[in-house]
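J.: Just to be clear, the model below is a prediction. Sequence and coordinates:
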4 protein chains.
Amino acid sequence: MIKGDQIPDWDIQAWINTETPLSLAELRGTVVVVHAFQMLCPGCVSHGIPQAKAIHQAFPPGRLQVVGLHAVFEHHAAMGETALRAFMHEYRIRFPVGIDRPDPRGNPIPMTMQSWRLQGTPTLIILDAEGRIRLHHFGQIDDLRVGAIIGQLLTEAASASP
Amino acid sequence: MIKGDQIPDWDIQAWINTETPLSLAELRGTVVVVHAFQMLCPGCVSHGIPQAKAIHQAFPPGRLQVVGLHAVFEHHAAMGETALRAFMHEYRIRFPVGIDRPDPRGNPIPMTMQSWRLQGTPTLIILDAEGRIRLHHFGQIDDLRVGAIIGQLLTEAASASP
Amino acid sequence: MIKGDQIPDWDIQAWINTETPLSLAELRGTVVVVHAFQMLCPGCVSHGIPQAKAIHQAFPPGRLQVVGLHAVFEHHAAMGETALRAFMHEYRIRFPVGIDRPDPRGNPIPMTMQSWRLQGTPTLIILDAEGRIRLHHFGQIDDLRVGAIIGQLLTEAASASP
Amino acid sequence: MIKGDQIPDWDIQAWINTETPLSLAELRGTVVVVHAFQMLCPGCVSHGIPQAKAIHQAFPPGRLQVVGLHAVFEHHAAMGETALRAFMHEYRIRFPVGIDRPDPRGNPIPMTMQSWRLQGTPTLIILDAEGRIRLHHFGQIDDLRVGAIIGQLLTEAASASP
């Protein structure tokens, strides 16, 4: 994915923390922050998930949506839906999380991770209200920079709305 | 000071890290981040100064200016200019710092701290490119929120410029 | 368990990171540090496990033995042996870990956790070279205090040996 | 100084937080932890001083004595006694601190720092109850290792006393 591109919609097997499935099309008009993680990835647990939780708490839900993408590409037997639900309970993750769909052809990398060409976890992707990629970062990224991008996109969205 | 107000200019006895004195009038058009601190204030050393340094490094100098305000209201004998210069050398503070002018009438609170009604240190003040107060925070404040305000103000300034 | 008591041996279903099962009887003469944890317990991941790893690295293996006790009392389906092995791989846990035996009568609390009357995870237990309990702490405990107890027990053991 | 050596007594210009001057001779029988620091040394403020405070709080005063040594070898004008007293007030340092005596011959390195051959600040020195050097560490050192040495020396002292 190149910065500025539209991103294809995610391909989700099951959702947690939302009654209805989310789609990028329906989130148009909202800034979307996608945190791609695995529950047994140490960098996700120590850095990415606390950051995603902080974003979820800091910004108004109507204008920004945090979405977790559980993109399991290793240790599949250890990170199924039951395990993920226990993990999310213990770590008090309240934002919607979609389980990236396993590849039916047997590729260990799940479908969204393939189509978005994610390099690993944690990855943070931020989309503007028009659905364009404005940040795509693999690894750790500091809160100051993430906050600045969010502040920019919320301001652009506010000035664009009628 | 009330959010949205213009702020009176600082009253500075001496500047460090800048050849010419800075004024709010000349910084119009630039987002200005003022970190008010004392060199012997533990919360400034552990939180405020590292945050101000990170802001200074993260954003382009032409569009955002970090300014330190050394607002000494206690232990005056321990925090004079010589001591401050040693402190700034050891803590590698590279952005301009102005020494708030002592009150000639003997009030222990220096002049800018009085006119800006600062409650203590650390205080973070962020002004938009029009010179209006957009954040005035006493104590610790997290990077995510500070980043979001900066991102917003930089975006507003960019859309306002011809 | 009361401080100073002998502790009954653990009851382990399976061992990881050791070719032969460990027993308290055979560890007599060695200071033993038992870290009781669950892989999905946030306080274990952020505090207890890093501390146990640091102890494992800091002290000579012949005189002190770190042992993990995976004491699963909740979310049993998410924390089986396969999941634990994936977790230990990702978190680079190199010391021996025993899986506390599930209660065959269906009590969710496993056997060692019952007999040792553990209150939860993380729990740190330190035994002297005579097999007596010298520390039994539920929750976080700082490195300075843990280090001091270990230093004391190693010194006692050295002066007692012929 | 070589590990195991007796250490010459400190040469102190003034004491803070103790009514009577301390001497190594009179501290015989007590484990002594000396934290050599400068008030404007960032590594002392972020690491060494918090560690010394934690040691002071964790161990019984009758058996272990924490002593600060303010060893100023740079920025002398900024770190005099008035400044140090303000610093200690702000950072809530309650253990005795001795100001290392300036060299009357003009060497910028003070007298105790010279005779103890300190390389810089922070330096942690731990003496056993017999007054022998058991740790001499320049820079950061983790709490686990410091705790273990203290636990060892307290145990040795207890077994040696009649």
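T.: Here it is on my side, so go on.
J.: which bits of chain A sit near chain D?
T.: Within chain A, no position is near chain D by Cβ under 8 Å from any Cβ of the partner chain. (Glycine included, C-beta is placed from N, CA and C.)
J.: what about residue A:130, helix or strand, and which?
T.: Using DSSP states H and E, residue A:130 falls within no helix or strand.
J.: for it, what are its contacts?
T.: Listed by Cβ atoms under 8 Å, 6 or more residues apart in numbering or on different chains, the contact set of residue A:130 reads residue A:28.
J.: I'd like to know how far it sits from residue B:12.
T.: From residue A:130 across to residue B:12, the span is 45 Å (Cβ to Cβ, to the nearest Å).
J.: With residue A:119 instead?
T.: Residue A:119 sits at a distance of 48 Å from residue B:12 (criterion: Cβ to Cβ).
J.: cool, residue A:115 as well?
T.: Relative to residue B:12, residue A:115 is positioned 56 Å away (Cβ to Cβ).
J.: so what's the residue nearest the centre of chain A up against?
T.: The geometric centre of chain A, computed from its C-alpha atoms, lies nearest to residue A:34 (Cα atoms, centre = their mean), at 2.1 Å. By Cβ under 8 Å, 6+ apart, the residues touching residue A:34 are A:10, A:67, A:68, A:69, A:124, A:125, A:126, A:127.
J.: Just the closest of these to residue D:97, please.
T.: Closest approach to residue D:97 among the contacts of residue A:34 (Cβ to Cβ): residue A:124, at 46.2 Å.
J.: SS state for the closest residue to the residue nearest to the centre of chain A other than its chain neighbours?
T.: Of all residues not flanking residue A:34 in the chain, residue A:125 sits nearest, at 4.3 Å (Cβ to Cβ, 6 or more residues apart in numbering or on different chains). Following DSSP: H, G, I helix; E, B strand; the rest coil, we place residue A:125 in the strand state.
J.: And residue A:125, how close does it get to residue B:74?
T.: According to Cβ to Cβ, residue A:125 stands 47 Å off from residue B:74.
J.: More neighbours: the two, which one.
T.: residue A:125 (21 against 16; other Cβ atoms under 10 Å in any protein chain shown).
J.: Assess the claim that the more buried one and residue A:31 are in contact.
T.: No. With contact defined as Cβ atoms under 8 Å, residue A:125 does not reach residue A:31; the gap is 11.5 Å.
J.: ranking the contacts of residue A:34 by neighbours, who comes first?
T.: Most surrounded of the contacts of residue A:34: other Cβ under 10 Å gives residue A:68, at 27 neighbours.
J.: For that one, list the residues it contacts.
T.: So residue A:68 contacts A:34, A:35, A:36, A:37, A:52, A:93, A:95, A:96, A:97, A:98 (Cβ under 8 Å, 6+ apart).
J.: quick one: what helix or strand has the second one in it?
T.: Residue A:35 belongs to strand A:31-37 when assigned by DSSP H and E.
J.: Which stretches in chain A count as strands?
T.: In chain A, the strands defined using DSSP state E lie at A:12-16, A:31-37, A:64-70, A:97-100, A:123-127, A:133-138.
J.: picking that back up, more neighbours: which of residue A:115 and residue B:12?
T.: Between residue A:115 and residue B:12, counting by other Cβ under 10 Å, residue B:12 is the more crowded of the two (21 against 15).
J.: beta partners for the more buried one?
T.: For residue B:12, the beta-bridge partners are residue B:100 (DSSP bridges).
J.: so it makes contact with residue B:102?
T.: No. Residue B:12 is not in contact with residue B:102 according to Cβ under 8 Å; the separation is 11.2 Å.
J.: For the top helix by length along chain A, enumerate the helices and strands it packs against.
T.: If you go by DSSP state H, chain A has its longest helix at helix A:143-160. Contact analysis of helix A:143-160 by 3 or more Cβ pairs under 8 Å, 6 or more residues apart in numbering or on different chains; DSSP states H and E lists strand A:31-37, helix A:49-58, strand A:123-127, strand A:133-138, helix B:49-58, helix B:143-160 as its packing neighbours.
J.: same thing but at 7 Å, please
T.: Judged by 3 or more Cβ pairs under 7 Å, 6 or more residues apart in numbering or on different chains; DSSP states H and E, the packing partners of helix A:143-160 are strand A:31-37, strand A:123-127, strand A:133-138, helix B:49-58, helix B:143-160.
J.: Might you report the residue contacts of residue A:73?
T.: Listed by Cβ atoms under 7 Å, 6 or more residues apart in numbering or on different chains, the contact set of residue A:73 reads A:108, A:109, A:110, A:113.
J.: Need the nearest residue in space to the residue in chain A that chain B sits nearest to, chain neighbours excluded.
T.: Going by Cβ to the nearest Cβ, chain B is nearest to residue A:147 of chain A, at 2.2 Å. With Cβ to Cβ, 6+ apart as the criterion, residue A:147 has its nearest non-adjacent residue at 2.2 Å, and that residue is residue B:147.
J.: quick check: angle from the strand holding residue A:35 to helix A:49-58?
T.: Relative orientation of strand A:31-37 versus helix A:49-58 (axes from the mean of the first three to the mean of the last three Cα atoms, to 10 degrees): 160 degrees.
J.: And the pLDDT for the residue lying closest to residue A:7 once chain neighbours are set aside?
T.: Leaving out its chain neighbours, the residue that sits closest to residue A:7 by Cβ to Cβ, 6+ apart is residue A:133, at 5.4 Å. Looking at residue A:133, its pLDDT reads 95.
J.: now residue A:133, which residues is it bridged with?
T.: With DSSP bridges as the criterion, residue A:133 is bridged to residue A:127.
J.: Name the residues of chain A found near chain B, please.
T.: Counting by Cβ under 7 Å from any Cβ of the partner chain, the residues of chain A lying close to chain B are A:54-55, A:58, A:142-152, A:154-156, A:159.
J.: Put the buried members of those into a ChimeraX selection.
T.: Paste this into ChimeraX to select the buried members of those, with burial taken from 16 or more other Cβ atoms under 10 Å in any protein chain shown:
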select /A:54,55,58,143,144,145,146,147,148,149,150,151,152,154,155,156
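J.: need the contact list for residue A:22.
T.: Residues in contact with residue A:22 (Cβ under 7 Å, 6+ apart) are A:67, A:96, A:98.
J.: try 6 Å this time
T.: residue A:96 (Cβ atoms under 6 Å, 6 or more residues apart in numbering or on different chains).
J.: burial of the closest residue to residue A:76 other than its chain neighbours, as a residue count?
T.: The shortest distance from residue A:76 to any non-neighbouring residue, by Cβ to Cβ, 6+ apart, is to residue A:108 (7.0 Å). Applying other Cβ under 10 Å, we find 12 other residues in the vicinity of residue A:108.
J.: go on, residue A:90?
T.: Around residue A:90 there are 19 residues (other Cβ under 10 Å).
J.: Disregarding flanking residues, what is the spatial nearest neighbour of it?
T.: Excluding the flanking residues, the one nearest residue A:90 by Cβ to Cβ, 6+ apart is residue C:40, at 5.0 Å.
J.: Wait, that neighbour touches residue A:91, no?
T.: No. Checked against Cβ atoms under 6 Å, the pair residue C:40 and residue A:91 is beyond contact range at 8.2 Å.
J.: Which of these two has more residues huddled nearby?
T.: residue C:40 (24 against 15).
J.: rewinding a little: can you redo the strands of chain A as CSV with distance to residue C:44?
T.: Formatted as CSV, those follow (distance: least, Cβ to Cβ, whole Å):
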stretch, distance to residue C:44
strand A:12-16, 23
strand A:31-37, 19
strand A:64-70, 21
strand A:97-100, 22
strand A:123-127, 26
strand A:133-138, 27
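J.: from what I can see residue A:115 touches residue A:9, true?
T.: No. If you go by Cβ under 6 Å, residue A:115 and residue A:9 don't touch, sitting 8.9 Å apart.
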